[in-house]
Every structure is written in structure tokens, then in C-alpha cells.
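Visitor: From the sequence below, what's the structure:
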Amino acid sequence: MTVLAVAGVFTTSHIAATAAITGGLSFVVAVLVLGRHTGLVESLAIGLLAAATVFLWRKSANMPQLNTDGLNGFSANDWLAPTITFVVLALYAALRQPPNLPRFARAGALAVLVAFFVNVVTI
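Guide: Modelled structure (predicted):
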């Protein structure tokens, strides 16, 4: 995997890999929280939304100013990508009203933590 294409800017494939890892891990965590049988659709939604938000945010904000670590080891994008994930998952839950909202909220919170961890480690 190429670390940086140009100083301070990541390649689209690097961003896509980060999003895919986030989505996959978020799906697995959601299945564990929501259950394999009844929560599969909601788990898939969490995984896809987490992947999409990380990809879209990191791609649209892929600039040296936001990718540079202001706090040692943490860039503005490391903090903001999971924040966007949280907002989108909250909007999804408000509009869709999952059958087990407390468990969905727990799975969504874990997906946000996954997004943060993956963004810090992979980018």
C-alpha cells in the first residue's frame, strides 16, 4: 500500500482500503451486538454506512492541512471521519427506526470507535 502519493495527500486506493477495513470491522461488530439472524440487515447498513462515510469524508478532505498530525499521531481527519460516521448512523436510525434501537445505538457507537481506530492506524 502506498503511504503518500504526494506529501500530505493519500491515494484513492489507500482511502478506499481504509474505508473497506472500517466497513468490514463495523459489520462484524454490529453482527456481534445485533445478532446474526435478526440484525443482519441493520448490521449490513452499519457496515456500508461506516465505509461510505469514511471514504467520502477522507476523499473530499484529502488535503495536507487536514492530514497533518496537529496532535502527535492524530490529524483533524482522524477525528472528523468518525464524527461524520456518527452523524450519518444517527440520521439513519432516526429515519429507519431499527427494531431494537438500544442495540443499534450500541452497535453504531462501536462502529464509530472502529472508524476512529482504523483511521488512526491505517492513515
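
Visitor: only C-alpha atoms for contact and neighbour calcs from this point on.
Guide: OK.

Visitor: What is the neighbour count of the residue nearest to residue 34 when sequence neighbours are not counted?
Guide: Closest residue in space to residue 34, ignoring its immediate chain neighbours: residue 103 at 6.1 Å, by Cα to Cα, 6 or more residues apart in numbering. Using other Cα atoms under 10 Å, residue 103 has 16 neighbouring residues.

Visitor: what about residue 103, which SS state?
Guide: Three-state assignment for residue 103 (DSSP: H, G, I helix; E, B strand; the rest coil): helix.

Visitor: my guess is it contacts residue 31, does it?
Guide: No: the criterion here is Cα atoms under 8 Å, and residue 103 misses it with residue 31 at 10.5 Å.

Visitor: Least confident secondary structure element in the chain?
Guide: Within the chain, no helix or strand scores below strand 69-71, which has a mean of 81 by mean pLDDT, DSSP states H and E.

Visitor: What strands line up against that strand, and which way round?
Guide: strand 74-75 (antiparallel) (DSSP bridges).

Visitor: where's the strand it pairs with relative to the chain centroid, distance-wise?
Guide: 15 Å (Cα atoms, centre = their mean, to the nearest Å).

Visitor: and after that strand, which helix or strand comes next?
Guide: Once the chain leaves strand 74-75, the next helix or strand it forms, by DSSP states H and E, is helix 76-96.

Visitor: who touches that following helix?
Guide: 46, 49-50, 53-54, 57-58, 61, 66-70, 101, 104, 108-109, 112-113, 115-116, 119-120 (Cα atoms under 8 Å, 6 or more residues apart in numbering).
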